[in-house]
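Peer 1: Build me a model from this:
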Amino acid sequence: MPGSDSDARALTLVLSDRAATELAEAVAWYEDRRAGLGLELLDTVDTLQVLLLRHPELGIEVRPRIRRALLRRFPYGVFYTISADAVRILAIVHSHRHTARWPRRA
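Peer 2: Reported below is the predicted structural model:
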């Protein structure tokens with residue numbers, strides 16, 4: 001049945017090297033501000049990842065085939081694509097950065 005949990009389990013999550021680096025930097029920055037805050041950011045990202053696997057079209061399409069979902073509580077956008085078998089997270093960008101330029105950055 002389309003949209004069922006069995007369909008969601010068929011998807012895998014792929015985190016790009018860039019997104020992994022951005023996430024690690026953000027977690028470290030928040031952890032430096034207050035112990036445990038970086039882990040709260042990580043938990044928030046984990047929660048969003050679960051949501052994206054269940055509802056991949058959750059985020060708005062900001063470019064052809066590229067979607068953005070916003071984190072709750074933290075000012076970050078998660079940019080991703082959807083394929084038949086995976087949700088691929090391309091970048092995790094702070095909302096105060098100029099997001100129109102993010103795809104050009106390696």
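
Peer 1: For Glu61, which non-adjacent residue is spatially closest?
Peer 2: Arg67 (5.3 Å; Cβ to Cβ, 6 or more residues apart in numbering). C-beta coordinates here come from the backbone N, C-alpha and C atoms, glycine included.

Peer 1: count of residues packed around the one you found?
Peer 2: The tally of other residues near Arg67 (other Cβ atoms under 10 Å) stands at 21.

Peer 1: Quick check: beta-bridge partners of it?
Peer 2: Taking DSSP bridges as the rule, Arg67 bridges to Glu61, Tyr80.

Peer 1: which ones are touching it?
Peer 2: By Cβ atoms under 8 Å, 6 or more residues apart in numbering, the contact set of Arg67 is 57-61, 79-82.

Peer 1: number of nearby residues for Ile92?
Peer 2: 27.

Peer 1: Show the pLDDT at the residue nearest to Glu61.
Peer 2: We note a pLDDT of 97 for Arg67 in this prediction.

Peer 1: can you check Ala106 too?
Peer 2: So, for Ala106, pLDDT stands at 39.

Peer 1: Kind regards, and thank you for your time.
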